[in-house]
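Colleague: Show me the folded form of this:
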Amino acid sequence: MGNRDYACPPSDVQRVAIPPPQPFIKSLKYSLKETFFPDDPLKKFKNQPASKRLVLGLQYFFPIFEWAPQYTLQFLKSDIIAGITIASLAIPQGISYAKLGNLPPILGLYSSFIPPLIYAMMGSSRDLAVGTVAVGSLLMASMLGREVNYLQNPNLYLHLAFTATFFAGLLQASLGLFRLGFIVDFLSHAAIVGFMGGAATVVCLQQLKSILGLQHFTHQADLVSVMRSVFTQTHQWRWESAVLGCCFIFFLLVTRYFSKRQPKFFWVSAMAPLVSVILGSLLVYLTHAEKHGVQVIGELKKGLNPPSVMDLVFVAPYVGTAIKTGLITGIIALAEGIAVGRSFAMFKNYHIDGNKEMIAIGTMNIFGSFTSCYLTTGPFSRSAVNYNAGCKTAVSNIVMSIAVMLTLLFLTPLFHYTPLVVLSAIIVSAMLGLIDYQGAIHLWKIDKFDFLVCISAYVGVVFGSVEIGLVIAVAVSLLRLLLFVARPRTYLLGNIPNSSAYRNVEQYPNANHIPGILILEIDAPIYFANASYLRERITRWIDEEEDRIKDTGKTSLQYVIMDMTAVANIDTSGISMLEEFKKTVDRRGLQLVLVNPGSEVMKKLNKSKFLDELGHKWIYLTVEEAVGECNFMLQTYKPNQMKDESQGWNNV
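Modeller: Predicted structure coming up:
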């Protein structure tokens, strides 16, 4: 149909309309709304009395007021079971991750007490279980350790950790309050897979110190430094510690495998870390293994979180390090927490507000920094256990917090003989689950560039540092984004036989070229970043088409049709490009034809007078109509007459 012969010009052609002009303030308001309020959170406040607005405002910042009135006894039973289950995981994990961050082990318990209570009131996720994370702990140790040696000046190091947590929370809450959550989206899925895998690998390598019973170990986190430190101290390896570590790693991995194969026994892998701590402590106590090179935690003081607001450091040069550490760890923690929350919300078919989550996570870290806690978020492992345990609401976090509180008040002396190698085994088993090799293979199959982003981030972390890997991940992701913008795709269209459809000839090899007409599709907005490229690429399409016509000896090229359906917007550089391109095709005796420009494009082309210069005649609603008109012109007029006719139509 699209390439049929026309005896007369097509009738009843619907022209592309120019939208009515809108005030600049209205357009700006619309753009800002779509940028910062895409979910329209203020909609429910419209036409409501002041008292109702107050209630809705409280419910927005404290979702607990929204779901608590509908809370049932059945929900409580499920949340108690889930809360106790995640507490059994949170206690050993908290101690382990605090050691990973070169912080006192008791901080891991402190951080599993106050922050979960705050999140239970302010968070919108029913499944997120709050606590410390290995990657955040490692980042904090790496970045703060460059400024302060935690062995030589432990108090300053500890205070900087609190300060970094404060700035992380301040950043997170600010992003939520100012609706800037889209910034986190610049960390692509591929970048996060590579970064988390690399960080998990580095964390596992760091555990070789405890597993091998080494007293001295490198402060560097890269693979080369760790391997050098390990193999230059072979004479100091302790076989007792190594055997113990390998046995517990094997035990933890077996329980995880069993729980994956039998989901109803999820509690087996959830309880395994606590069981490992109990067994390890009993073994050390009964055999006096601490006298044979097996290092233990030592004394953990009783009592709840002491205040730390007066310990925050706001003096140079340390405040700069705290701010930088807080910003980087805050972004990583935010990305993980929101990603985990959205994943489980999708499974249960409910919605969480990303900006509200940022406010909740930020607030709990701010208050955490005032109460001797360090960076917390919603780790995947703990949240997965919470989900599998059948949690119904955030009350499971409250139950976990109460369990940790009781531990702090009465049970901390029981951890005196806990071997560090058991904590390392817990960390290794948890980190192996973060090395998503299946995700990397999937990226390779689907998108090679995404795989490159993933591997770049992984290599940067493993052979450089966590910060280098993060920078590489963000840089490569932004490079890809810029390539999408600066080098948009253009397609040659042909007519699908026996239809009026025009499609990409590469995707549909049976699509027919239209004699004398070149049909192109532009697949992106036209901006300053890609205007020059598009002009050169379209010119090259014309050259290639003319060469093809010469080889086939068919009708010479007369029309260039540009399908602009996908061009959502255009700036002044894009308009200048179109003006220059029109002059180029005019000199070559060709006629430029536009198809279906969007409303923003039409408004700007009209204001720039380009529509008058081109001629309204040469703007069509569909490719079919444009081809029909051009076919009619080709059959009615000779080439030189067509040029004269085009000049005449431009004055219409």
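
Colleague: contacts, neighbours, all on C-alpha from now
Modeller: Noted.

Colleague: residue boundaries of the strands in the stretch 551-652 of the chain?
Modeller: 559-563, 591-595, 619-620 (DSSP state E, counting those that start in this stretch).

Colleague: can you redo those strands as CSV with distance to Leu375 and mean pLDDT?
Modeller: Formatted as CSV, these follow (distance: least, C-alpha to C-alpha, whole Å; pLDDT from 0 to 100):
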stretch, distance to Leu375, mean pLDDT
strand 559-563, 51, 94
strand 591-595, 54, 94
strand 619-620, 58, 92
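
Colleague: Turn these into JSON lines, including distance to Ser456 and mean neighbour count.
Modeller: Formatted as JSON lines, these follow (distance: least, C-alpha to C-alpha, whole Å; neighbours: other C-alpha atoms under 10 Å):
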{"stretch": "strand 559-563", "distance to Ser456": "37", "mean neighbour count": "24"}
{"stretch": "strand 591-595", "distance to Ser456": "41", "mean neighbour count": "23"}
{"stretch": "strand 619-620", "distance to Ser456": "46", "mean neighbour count": "24"}
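
Colleague: Which one, of those strands, ends up nearest to Phe162?
Modeller: Phe162 lies closest, by C-alpha to C-alpha, to one member of the strands of the stretch 551-652 of the chain: strand 559-563, at 56.9 Å.

Colleague: How about the secondary structure of Gln22?
Modeller: At Gln22 the chain is in coil, as set by DSSP: H, G, I helix; E, B strand; the rest coil.

Colleague: any low-confidence regions in the stretch 301-450 of the chain?
Modeller: Residue ranges of the stretch 301-450 of the chain with pLDDT under 70: none are present.

Colleague: what's the weakest-modelled helix or strand in the chain?
Modeller: helix 639-650 (a mean of 48; mean pLDDT, DSSP states H and E).

Colleague: contact partners of stretch 369-378?
Modeller: In this structure, residues lying in contact with stretch 369-378 by C-alpha atoms under 8 Å, 6 or more residues apart in numbering are 107-108, 110-111, 114-115, 128-133, 136-137, 161-163, 165-166, 168, 305-310, 329-330, 333-334, 336-338, 340-341, 361, 364-365, 368.

Colleague: Sort out for me which of the residues you listed are in helices.
Modeller: The helices, defined by DSSP state H, take in 107-108, 110, 114-115, 136-137, 161-163, 165-166, 168, 329-330, 333-334, 336-338, 340-341, 361, 364-365, 368 from the contacts of stretch 369-378.

Colleague: rewinding a little: quick one, which of the strands of the stretch 551-652 of the chain gets closest to Gly460.
Modeller: Closest among the strands of the stretch 551-652 of the chain, using C-alpha to C-alpha: strand 559-563, at 42.2 Å.

Colleague: Please enumerate residues in contact with the closest one?
Modeller: Strand 559-563 is contacted from outside by 516-522, 542, 590-597, 623, 626, 630, using C-alpha under 8 Å, 6+ apart.

Colleague: so how far is that strand from its chain's centroid?
Modeller: 38 Å (C-alpha atoms, centre = their mean, to the nearest Å).

Colleague: who does that strand pair up with?
Modeller: strand 517-522 (parallel), strand 591-595 (parallel) (DSSP bridges).

Colleague: what's the closest of those to Gly198?
Modeller: Closest approach to Gly198 among the strands paired with strand 559-563 (C-alpha to C-alpha): strand 517-522, 38.4 Å.

Colleague: coming back round to it: may I see the strands of the stretch 551-652 of the chain organised as CSV, with distance to Gln59 added?
Modeller: Formatted as CSV, these follow (distance: least, C-alpha to C-alpha, whole Å):
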stretch, distance to Gln59
strand 559-563, 48
strand 591-595, 49
strand 619-620, 51
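
Colleague: What's the PyMOL line that selects buried ones from the contacts of stretch 369-378?
Modeller: Typed into PyMOL, the line below selects the buried ones among these, using 16 or more other C-alpha atoms under 10 Å:
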select buried, resi 107+108+110+111+114+115+128+129+130+131+132+133+136+137+161+162+163+165+166+168+305+308+309+329+330+333+334+336+337+338+340+341+361+364+365+368
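
Colleague: so where is the stretch 501-650 of the chain shaky, pLDDT-wise?
Modeller: By pLDDT under 70, the weakly predicted segments of the stretch 501-650 of the chain are 553-554, 637-650.

Colleague: just the helices in it please.
Modeller: Along the stretch 501-650 of the chain, counting by DSSP state H, counting those that start in this stretch, helices occupy 531-552, 572-587, 599-607, 610-614, 623-636, 639-650.

Colleague: Can you say which of those helices is packed in most?
Modeller: Ranked by mean neighbour count, those are led by helix 623-636 with a mean of 21 (mean count of other C-alpha atoms under 10 Å).

Colleague: tell me which strands and helices that one is in contact with?
Modeller: Using 3 or more C-alpha pairs under 8 Å, 6 or more residues apart in numbering; DSSP states H and E, the elements in contact with helix 623-636 are strand 559-563, strand 591-595.

Colleague: Export the ones you listed as CSV, with columns for distance to Thr234.
Modeller: Output for the helices and strands packed on helix 623-636, formatted as CSV (distance: least, C-alpha to C-alpha, whole Å):
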stretch, distance to Thr234
strand 559-563, 69
strand 591-595, 73
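
Colleague: Of all the strands of the stretch 551-652 of the chain, which one is nearest Glu579?
Modeller: strand 591-595 (10.6 Å).

Colleague: what angle separates that closest one from helix 623-636?
Modeller: Interaxial angle of strand 591-595 relative to helix 623-636 (axes from the mean of the first three to the mean of the last three C-alpha atoms, to 10 degrees): 160 degrees.

Colleague: Spell out which residues sit in contact with the residue nearest to Cys204 when sequence neighbours are not counted, please.
Modeller: If the residues on either side of it in the chain are set aside, Cys204 comes closest to Val428, at 5.2 Å by C-alpha to C-alpha, 6 or more residues apart in numbering. Going by C-alpha under 8 Å, 6+ apart, Val428 touches 203-204, 207, 249.

Colleague: Nearest to Leu493 among those?
Modeller: Among those, and counting by C-alpha to C-alpha, the member closest to Leu493 is Val203, at 51.9 Å.

Colleague: residue contacts, that closest one?
Modeller: 134-135, 138, 427-428, 431.

Colleague: what's the farthest-apart pair in these?
Modeller: Leu138 and Val428 (13.2 Å).
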